[in-house]
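**Q** task: produce atomic coordinates for the following.
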Amino acid sequence: MDQLQGIDLTLDLLLGLLLALLMAYMDHEGLGHAHERYNQALDHYSQNLDLDRSNQWKQQR
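**A** Residues are numbered from 1 along each chain as shown. Take a look at the predicted model:
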């Protein structure tokens, strides 16, 4: 089950990166916008990872 959650989080991150690259390609502002989207994807991924670790710790106690 944990491996599936990890795969799901990884897919979320990859989709976020793909979206960021697509937005940068289509956007006239260039890579500044893509960098912002990349940071949002990383924040989303790290928050989910922290929440998952917190839940695992609570279950072990």
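**Q** quick one: mean pLDDT for the helix or strand encompassing L4?
**A** L4 is located in helix 2-26, with elements delineated by DSSP states H and E. On average, the pLDDT along helix 2-26 is 79.
**Q** all further residue positions should be reported with the first residue as 5.
**A** Done: numbering now begins at 5, and the last item shifts to helix 6-30.
**Q** what is it packed up against?
**A** Secondary-structure packing of helix 6-30 (3 or more CB pairs under 8 Å, 6 or more residues apart in numbering; DSSP states H and E): helix 35-64. Where C-beta positions appear, they are placed from N, C-alpha and C, glycine not excepted.
**Q** the helix it packs on: how far from the chain's middle?
**A** Computed by CA atoms, centre = their mean, to the nearest Å, the chain-centroid distance of helix 35-64 equals 6 Å.
**Q** state the distance from S58 to G10.
**A** S58 sits 15 Å away from G10, going by CB to CB, to the nearest Å.
**Q** again but with L25, I slipped
**A** Following CB to CB, the distance that separates L25 from G10 is 23 Å.
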